[in-house]
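Engineer: With the sequence up front, the predicted model follows.
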Amino acid sequence: MSQPIPVTASDWNHFFDLAATIALIALAIVIGAMIFFIVKYRNRKGQPEFIPEFRLSKGRARENVIFASISIIILVSLVVASFTLTPNPRFSPDPSNSLVIDVTAYQWAFNFGYPDGVTTLDNMTLPGNTVVMFNVTSADVMHNLYLIQFKVSIEAVPGRYNIIWVTTPAATGNQAYTYNIECKELCGDGHTFMDATMYVVSQTAYNQWLASQISSNSTTTSGG
Amino acid sequence: MAIAGMFGEMMRTQLAVPMNNFLLANTYEQTVTLHGLLMILWVLTPLGAGIANYIVPLQIGAKDLAFPRMNATSYWTYLFSGIMLISTVFLPGGGPNTGWTLYAPLNTIQFTPQPGMTLAVLAILLLALSITMSSINFLTTIARNRAKGVTWRRIPLFTWSIVFTMALALFAFPPLAAGLLLLSSDRFLGTVFFSSTQGGGILWDELFWFFGHPEVYIVVFPALGVIAEVFQTFAKKPIFSKNVFIVEFAAVAFLSMGVWMHHMYTTGVNYSVLQTFSFTTLAISVPFEGLVLALVLTLYKGKITLNTAMLYCLAAIFTVTLGGITGVLQAFPVLDYAFNGTYWIVGHFHYVMAGTTLFGLLAGLYYWWPKITKRKPNETFGVLIFVVAFISFNILYFPYFFLLGMPRRIFTYTLASGFASLNLTATIGAYIFGPAAALAVLNLVLSLRKPALPNANPWSAQELEWTQNYRGSTATQTANSTENVVNAAADDPPKETLEDRWYWCREGNCKTAEKPVDYSGKNDSQMPLRRKSID
């Protein structure tokens, strides 16, 4: 797929790669040391029956402090690195500069409400290169709006509005990107098939789509 | 346990190929729920307590637990509640289908009207009662029924791990019980604690995870205790810095009660709360890492014998380390936005809980089997089964770390999702791991047909339950009896720490079993509960 990776996901990937590399090195050190000790100090014939006394005790407190300090330094630097990530819960985008979508999850579908009164079910069309703010709630039980390729998710809690935002990748002309949305919280028997699709199109295509939605909505209303 | 394992195999069967129809959605959700509830609450939690029931009194020189009748009550409550939970699948509407987390408001009568759900709530409540009784019993035993000379500093590490396990259980289960009582009231009396839109769902989250996170450590601690014992015996070395090890245990136990919110990163809690719990979660990894490093460093300059028990411990160290470091990644809220609720998390907690606890406690069974039954399980067969079990465990759970896009608890997936090959791999692993785990236990059972060992201590273990000749009990002691007393120091002044005593014993001074000597040097008290002689 040659779809652009959203900025939240590329940030996520970079930070994950960094943290996972450190984690794997730590794992390799621990397991490597364990295997080394087992091979090196295996029970051989000809060894004295009792291990000659050796003392780690004098340095033990110090060694423990050293281990703890090393891991604290690594963790703190990772925390600092994580501050630059998006979506950073510390900064909230200005709602006036972003497209606010009201998401209502219920058993077992997502309803997306646009500012212009348009509502769609299980699919949404978004303009490219826009900060989109999802205002998520639930009509019945807990759900979770998981934007898989964006690597962000937020719980849909009844009686509560939770906010998450993403920046859609730029789309021009006839470009249209498809992203998947899934419910990530067990919400009953229909949980498996509770999913939705996000289409990211250019601003002009979005405007056209919105206009067609508004007109079809009004025809439905006048017809009904 | 077999039933819970079978539920696990059923799920893997269903997920083996895309769009499978082996289980229906509702049946699958019931399976997933019962597998989680049974495995965590009815298998992993009491398994450590089961071994502790036998070993802890031996390690501290008590005749039995402090309240034997309460112990029996606890056991029968546990068994009854387990049967009660399993029986829910036969009720009309089936059993609970909400996942083991029983999230509100899905757990209320409005969304899960089946009586099986109500019965399940009551079953868990009974289990909480059973575990609370057990934890009081163990803590009382360890605090009050130690033999003379077994000071707090001399308590073996497995017993220490049980101290922290039970202390955590004592604090962790009441919030769960409170939540379940409120939930019962919702279901029976029509109250709206959890169906309320004024925070009902979050209230359950908080109560549940305040229990749920310490529960992880309740499950893992006994395994760490076993590993410490086994490493000390087969590396012929005392643990690396015992006092620090115990302090780290305590630190993990304490911090584990302050990290529950990391299960709720995506519930929309505000930033400062998010960051606080991210810090506490990272903080807990420091003492926990200390525990693992201390265990690994115990092998340093040891004299290591590799046998089945030892191999299971090594496997448990691997799983706890891998599970632990994936846990550190999850501690970052932004990373967790993607991990939360996916198969990554499933992989993570199966490594931590299933891997560490099952391998660790299997090691415990292999290690103490000669103590319990005076028989040694077949070593060749044991090692062979270990190799199969360890490899298949990783075939089963390692692919989960690549299934980041697959939400938990979905009963099927499409071919287009690309999950098929990884799921098939996991299912193959599951088909091998299940029988392998059963064979590992069968190996223990088969050893019962062998003749009894002539040697009561075939591993030359130095820990108190093997070396101490405490036949006596506080009840049967006579005034001048020296039994039930730690008798390490024959003719040397008492050594301060177990480590000192260990070296001293290793140098050949320790012919303890024949020469029981009052370690404390004070024959003052023969009271059954001897607070004064404890320290």
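Structural biologist: That came through, no problem.

Engineer: who's in contact with the residue of chain A found nearest chain B?
Structural biologist: Residue nearest to chain B within chain A: residue A:159 (2.7 Å; C-beta to the nearest C-beta). Bear in mind the C-beta positions are built from the backbone N, C-alpha and C, glycine included. By C-beta atoms under 8 Å, 6 or more residues apart in numbering or on different chains, the contact set of residue A:159 is A:137, B:196-201.

Engineer: Now, those residues that are in strands?
Structural biologist: Applying DSSP state E to the contacts of residue A:159, the entries found in strands are residue A:137.

Engineer: can you redo the contacts of residue A:159 as a markdown table with distance to residue B:158, pLDDT and neighbour count?
Structural biologist: Shown next, in a markdown table, are those (distance: C-beta to C-beta, whole Å; pLDDT from 0 to 100; neighbours: other C-beta atoms under 10 Å in any protein chain shown):
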| residue | distance to residue B:158 | pLDDT | neighbour count |
| --- | --- | --- | --- |
| A:137 | 49 | 91 | 20 |
| B:196 | 45 | 83 | 17 |
| B:197 | 48 | 81 | 16 |
| B:198 | 46 | 82 | 10 |
| B:199 | 42 | 80 | 17 |
| B:200 | 42 | 83 | 21 |
| B:201 | 40 | 85 | 27 |
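
Engineer: Okay, and which of the contacts of residue A:159 map to helices?
Structural biologist: Of those, the ones assigned to helices by DSSP state H are B:200-201.

Engineer: Check the contacts of residue A:159 and tell me the two furthest apart.
Structural biologist: Spatial extent of the contacts of residue A:159 (C-beta to C-beta) is set by the pair A:137 and B:196 at 14.6 Å.

Engineer: pLDDT of whichever strand or helix holds residue A:11, averaged?
Structural biologist: In this structure, residue A:11 sits in helix A:7-40 according to DSSP states H and E. Averaged over helix A:7-40, pLDDT sits at 89.

Engineer: Roughly how far does the residue of the stretch 51-200 of chain B at minimum distance from chain A sit from residue B:428?
Structural biologist: Of all residues in the stretch 51-200 of chain B, residue B:197 sits closest to chain A, at 2.7 Å by C-beta to the nearest C-beta. Per C-beta to C-beta, to the nearest Å, residue B:197 is found 45 Å from residue B:428.

Engineer: Look up the closest residue to residue B:311, ignoring the ones flanking it.
Structural biologist: Distances taken as C-beta to C-beta, 6 or more residues apart in numbering or on different chains place residue B:386 nearest to residue B:311, at 4.8 Å, with adjacent residues excluded.

Engineer: That neighbour: neighbour count?
Structural biologist: 25 (other C-beta atoms under 10 Å in any protein chain shown).

Engineer: In contact with it: list those residues for me.
Structural biologist: Applying C-beta under 8 Å, 6+ apart, we find residue B:386 in contact with B:308, B:311-312, B:315, B:440.

Engineer: In contact with the closest residue to residue B:405 other than its chain neighbours, which residues are there?
Structural biologist: In this structure, residue B:405 finds its nearest non-sequential neighbour in residue A:148, 4.9 Å apart by C-beta to C-beta, 6+ apart. Counting by C-beta under 8 Å, 6+ apart, residue A:148 touches A:179-182, B:405.

Engineer: which one of the residues you listed has the most neighbours?
Structural biologist: residue A:182 (25 neighbours).

Engineer: Once you drop chain neighbours, what's closest to the residue at minimal distance from the centre of chain B?
Structural biologist: Chain B has residue B:219 as the residue nearest its centroid, 2.5 Å off, counting by C-alpha atoms, centre = their mean. Setting aside the residues directly before and after it, residue B:219 is nearest to residue B:44 in space (C-beta to C-beta, 6+ apart), at 4.4 Å.

Engineer: For burial, what's the neighbour tally of the one you found?
Structural biologist: Burial of residue B:44 is recorded as 25 neighbouring residues (other C-beta under 10 Å).

Engineer: Give me the residue ranges of chain B where confidence is low.
Structural biologist: B:1-22, B:468-535 (pLDDT under 70).

Engineer: what's the burial count for the residue in the stretch 201-350 of chain B that chain A sits nearest to?
Structural biologist: Residue nearest to chain A within the stretch 201-350 of chain B: residue B:268 (3.2 Å; C-beta to the nearest C-beta). Residues contacting residue B:268 under the criterion other C-beta under 10 Å number 20.

Engineer: What of residue B:58?
Structural biologist: 19.

Engineer: so where does it fall, helix or strand?
Structural biologist: Residue B:58 belongs to helix B:45-60, assigned by DSSP H and E.

Engineer: got the buried residues for that helix?
Structural biologist: Of the residues in helix B:45-60, B:45-53, B:55-60 count as buried by neighbour count, 16 or more other C-beta atoms under 10 Å in any protein chain shown.

Engineer: returning to what we had before: chain neighbours aside, what residue packs nearest to the residue of the stretch 201-350 of chain B closest to chain A?
Structural biologist: residue A:162 (3.2 Å).

Engineer: After the helix holding residue B:58, heading C-terminal, what element do we hit next?
Structural biologist: With secondary structure assigned by DSSP H and E, helix B:45-60 is succeeded by helix B:68-87.

Engineer: buried residues in that following helix?
Structural biologist: Across helix B:68-87, burial judged by 16+ other C-beta under 10 Å covers B:71, B:73-75, B:77-78, B:81-82, B:84-86.

Engineer: Name the nearest of those relative to residue B:253.
Structural biologist: Closest approach between those and residue B:253, by C-beta to C-beta: residue B:74, at 21.2 Å.

Engineer: show me the residues around the closest residue to that closest one other than its chain neighbours that make contact.
Structural biologist: Leaving aside its sequence neighbours, residue B:74 sits nearest to residue B:133 (C-beta to C-beta, 6+ apart; 4.1 Å). By C-beta under 8 Å, 6+ apart, the residues touching residue B:133 are B:70-71, B:73-74, B:77.
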